[in-house]
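Novice: all I have is the shape, not the residue letters:
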């Protein structure tokens, strides 16, 4: 089957592993792409996890650091495609010692292994879970209800996601978390981008209940334990 994606991509689903193996052969892949045009590429499937409470000494851009994750976790080399911190470093609290990272892997097997057994990062045993897509929040007005993005927002002015005033979030000078104001909850003490926002939590729970992928702890494979 073929399904058109939001950003003009196409998701192809093959009916057997032999077809997938054929398409992954460099020569066959080149022949397949010739039918679409010179600028078209195949983006391989990836599997995203959120790893919680990672020591902030971890450098996600270091090839040495990601190789260390693979080696200590018993993963195949090059299993980790990329890593990044979930929250911008400038938003950390002064005494923060750990943070959550998003880890992108190239196979279900590697992702499931981390979910099941955990992994060692910077000398600490940490655990992962599926990183599921969150409800869409407009970065201009910050509502979850409009089903739109900033480029399509009808609001005339920008609303700050941190303090709630009429300016872009990137321009905000407020650093004190007690001065944060949520544009959704209309309350002080947290920002509109906070996962502690009650409006976000309610939308997130509704979103998860409608998302089939959220029903499984693991990425389903032929292994019955992942079902």
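Specialist: Thanks, I have the structure now. Because the structure is predicted, anything quoted here is derived from the model rather than measured.

Novice: need phi/psi at the most centrally placed residue in the chain.
Specialist: Geometric centre of the chain, nearest residue: residue 131, 5.3 Å, by Cα atoms, centre = their mean. Main-chain dihedrals, residue 131, degrees, to the nearest 10: phi -90, psi 100.

Novice: didn't it look like it was pressed against residue 46?
Specialist: No - counting by Cβ atoms under 8 Å, residue 131 stays clear of residue 46, with 10.6 Å between them. Heads up, the C-betas are built off the backbone N, CA and C, glycines and all.

Novice: what residues of the longest helix seen in the chain count as buried?
Specialist: The helix that spans the most residues within the chain, counting by DSSP state H, is helix 198-210. For helix 198-210, the neighbour count (16 or more other Cβ atoms under 10 Å) marks 199-200, 203-204, 207 as buried.

Novice: could you work out the most separated pair of those residues?
Specialist: 199 and 207 (12.3 Å; Cβ to Cβ).

Novice: number of nearby residues for the nearest residue to residue 149 once chain neighbours are set aside?
Specialist: Sequence neighbours aside, residue 138 is the residue nearest to residue 149 in space, at 6.1 Å (criterion: Cβ to Cβ, 6 or more residues apart in numbering). Close neighbours of residue 138, defined as other Cβ atoms under 10 Å, add up to 22.

Novice: in terms of pLDDT, where does residue 138 sit?
Specialist: Residue 138 is assigned 93 on the pLDDT scale.

Novice: same thing with residue 126?
Specialist: Confidence score, pLDDT, at residue 126: 97.

Novice: also residue 181?
Specialist: As predicted, residue 181 sits at a pLDDT of 95.

Novice: same check, this time on residue 83
Specialist: 97.

Novice: also residue 175?
Specialist: For residue 175, the predicted pLDDT is 87.

Novice: equivalent analysis for residue 93, please.
Specialist: So, for residue 93, pLDDT stands at 84.

Novice: contacting residues around the spatially closest residue to it that is not a sequence neighbour?
Specialist: Counting by Cβ to Cβ, 6+ apart, residue 177 is the residue found nearest to residue 93 once chain neighbours are left out, at 7.2 Å. Applying Cβ atoms under 8 Å, 6 or more residues apart in numbering, we find residue 177 in contact with 93, 189-190.

Novice: top of those residues by number of neighbours, please.
Specialist: Busiest of the contacts of residue 177 [other Cβ under 10 Å] is residue 190, holding 20 neighbours.

Novice: helix, strand, or coil at it?
Specialist: Classification of residue 190 using DSSP: H, G, I helix; E, B strand; the rest coil returns coil.

Novice: ok, it to residue 113 distance?
Specialist: Residue 190 sits at a distance of 35 Å from residue 113 (criterion: Cβ to Cβ, to the nearest Å).

Novice: now do residue 104
Specialist: 15 Å.

Novice: which one's more surrounded, those two?
Specialist: Neighbours were tallied for residue 104 and for residue 113 using other Cβ under 10 Å; the higher tally belongs to residue 113 (19 against 16).

Novice: ok, the more buried one touching residue 75?
Specialist: Yes - when contacts are counted by Cβ under 8 Å, residue 113 is listed as touching residue 75 (6.8 Å).

Novice: returning to what we had before: report the lowest-confidence entry in the buried residues of helix 198-210.
Specialist: residue 207 (80).

Novice: which residue packs closest to that one, ignoring adjacent ones?
Specialist: residue 135 (4.8 Å).
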